[in-house]
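>>> The following block contains a protein sequence and its predicted model.
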Amino acid sequence: MGTSMAYTVREISQALSASFEGDAEIVVTGVSEPAMSDVGDIALAMKPDYAESLNEGRARVAILWEGADWQSYGLDAAIFAPRPRFALAGLSKVMDDGQSYEKGIHPNAFVHPTAKLGSNLTIGAFSYISAYAEIADDSVIAPQVYIGVNAYIGPNALVREGVKIGANVQIGARFIAQPGVVVGSDGFSFVTEEVSAVENARKTLGDQLDAHGDQTWTRIHSLGSVLIGDDVEIGANSCIDSGTVRATQIGNGVKMDNLVHIGHNVVVGDHCLFCGQVGIAGSSKLGKNVVLAGQTGVNDNIFIGDNVIAGGASKIFTNVPAGRVILGYPAVKMQNHVDSYKALRRLPKMFKEVAELKKIVFKTEGRK
């Protein structure tokens, strides 16, 4: 992975708060896997298995695990990380060139006269900053971004291409939105004049009773907005809906992958992590440090406690107590799901054994 950045081994080790040995003044200009490394690269050989391929590349420097015999790999220097993957987070930040947007406000960007702009901003071509919107200091607004009326974006934001921020949305510091993010779309909220077939089906788990099949849907408008805390990151093409009356809320430090959907009135606690294609239906509330693996679905109007972890493709229909690890459809304790699946796999063999036992019993009874 090439980069225009250049740092010495000493500078990198200081940035990572890690120890090093060898030549401190070697200049590093890129990051690479061991076998694909060039002379100016720092190789990521954080486990012995990875280090075995160092001799296939040309790197003079590597990040290794603590206690590694770095000289045996023919290196001129090594940086030692007690938790290598965490060190990678720091290294990637140091070496990241970013998107190389042009500095300043592009002449083809539109900024409404009543908008309030902080200092040291980048606003790309064909972006639109609406009336009374405010963008705080040191933020980057990429090309083709829309910021709605009276929206606020805190300092040090990175809002990438094609992002749409709706009216009245309030966002904290160090916000990152990947391409195509939509914050402040209307909630998916519709009602029928009389009790609908869906309401009856939900109440009875199947029987629609006397509901009319030809009912039409009437929109409930979204009067609320979206409130987002500090240090939130949202993946590409993810959507957060506005609240119906009160705001949809996203806590501090929340991280979302691509294609995540947060419905209207949802409240998400601090430092939650949502993987790709997670969907959270309206008015659900999540505690702190909740982790939802890919394709997890959360029913509306339920509560998920602090520190819950849901495995991939889980479907959560009921409240989940704090600290539970769940999996399945419907989601249950992960160990219970695994036990049930094992039992399910044994069913064909059990049916065969029962059939054989029935034959034996019938033959025995026939002889009496």
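That came through, no problem. Numbers count the residues shown, from 1 in each chain.
>>> what mean pLDDT does stretch 131-138 have?
Across stretch 131-138, pLDDT averages out at 98.
>>> Could you list the buried residues of it?
In terms of neighbour count (16 or more other C-beta atoms under 10 Å), stretch 131-138 has its buried residues at Y132, A133, E134, I135, A136, D138. C-betas here are computed from N, CA, C, even on glycine.
>>> Tell me where the stretch 1-150 of the chain is predicted with low confidence.
Along the stretch 1-150 of the chain, segments meeting pLDDT under 70 span 1-4.
>>> Which stretches in it count as helices?
In order along the chain, the stretch 1-150 of the chain carries the following helices (DSSP state H, counting those that start in this stretch): 9-16, 48-51, 84-95.
>>> Tell me which of those is the most buried.
helix 9-16 (a mean of 18; mean count of other C-beta atoms under 10 Å).
>>> before we move on, back to that, among the buried residues of stretch 131-138, which are in strands?
Among the buried residues of stretch 131-138, DSSP state E puts E134, I135 in strands.
>>> quick one: which two of the buried residues of stretch 131-138 are the most distant?
Taking C-beta to C-beta, the two most distant members of these are Y132 and D138; they sit 20.8 Å apart.
>>> In JSON lines: the buried residues of stretch 131-138, plus distance to Y152.
As requested, these are exported to JSON lines (distance: C-beta to C-beta, whole Å):
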{"residue": "Y132", "distance to Y152": "9"}
{"residue": "A133", "distance to Y152": "7"}
{"residue": "E134", "distance to Y152": "5"}
{"residue": "I135", "distance to Y152": "8"}
{"residue": "A136", "distance to Y152": "8"}
{"residue": "D138", "distance to Y152": "15"}
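>>> which one of the buried residues of stretch 131-138 is nearest G323?
Minimum distance to G323 across these is 36.6 Å, recorded for A136 (C-beta to C-beta).
>>> what's the spacing between the closest one and P82?
In this view, A136 and P82 are 36 Å apart by C-beta to C-beta, to the nearest Å.
>>> And for I309?
I309 sits 24 Å away from P82 when distances are taken as C-beta to C-beta.
>>> Which one's more surrounded, these two?
Neighbours of I309 and P82, each counted by other C-beta atoms under 10 Å, are more numerous for I309; the result is 18 against 11.
>>> Identify the bridge partners of that one.
With DSSP bridges applied, I309 shows beta-bridge pairing to V291, V325.
>>> Next, count neighbours for T8.
As a burial measure, T8 scores 17 neighbours (other C-beta under 10 Å).
>>> for it, which residues make a bridge with it?
Following DSSP bridges, T8 is listed with bridge partners V27.
>>> Report the contact partners of the nearest residue to H112 once chain neighbours are set aside.
Across the structure, with C-beta to C-beta, 6 or more residues apart in numbering as the measure, the residue nearest H112 apart from its sequence neighbours is A131 (4.5 Å). The neighbours of A131, taking C-beta atoms under 8 Å, 6 or more residues apart in numbering as the test, are H112, T114, A115, V149, N150.
>>> now those in CSV, with neighbour count and distance to G57?
Shown next, in CSV, are the contacts of A131 (neighbours: other C-beta atoms under 10 Å; distance: C-beta to C-beta, whole Å):
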residue, neighbour count, distance to G57
H112, 14, 52
T114, 13, 56
A115, 19, 50
V149, 15, 53
N150, 18, 53
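>>> For those, give me CSV that also has distance to T318.
Compiled in CSV, the contacts of A131 are given as follows (distance: C-beta to C-beta, whole Å):
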residue, distance to T318
H112, 47
T114, 47
A115, 45
V149, 39
N150, 38
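>>> closest to E56 among the residues you listed?
Among these, A115 lies closest to E56 (C-beta to C-beta), at 54.0 Å.
>>> surely the closest one meets E134?
Yes - with contact defined as C-beta atoms under 8 Å, A115 and E134 form a contacting pair (7.0 Å).
>>> Was I right to think I123 contacts V111?
Yes - counting by C-beta under 8 Å, I123 sits close enough to V111 to count as a contact (6.9 Å).
>>> So those two - more neighbours on which side?
Per other C-beta under 10 Å, whichever of I123 and V111 has more neighbours is I123, with 26 against 19.
>>> just to revisit the earlier point, give the residues shared as contacts by I123 and V111.
I105, L117, I129.
>>> Filter the residues you listed down to the ones in strands?
Secondary structure of the shared contacts of I123 and V111 is defined by DSSP E; positions in strands are I105, L117, I129.
>>> ok, of these, which one's closest to V278?
In terms of C-beta to C-beta, no member of those lies closer to V278 than I129, at 30.3 Å.
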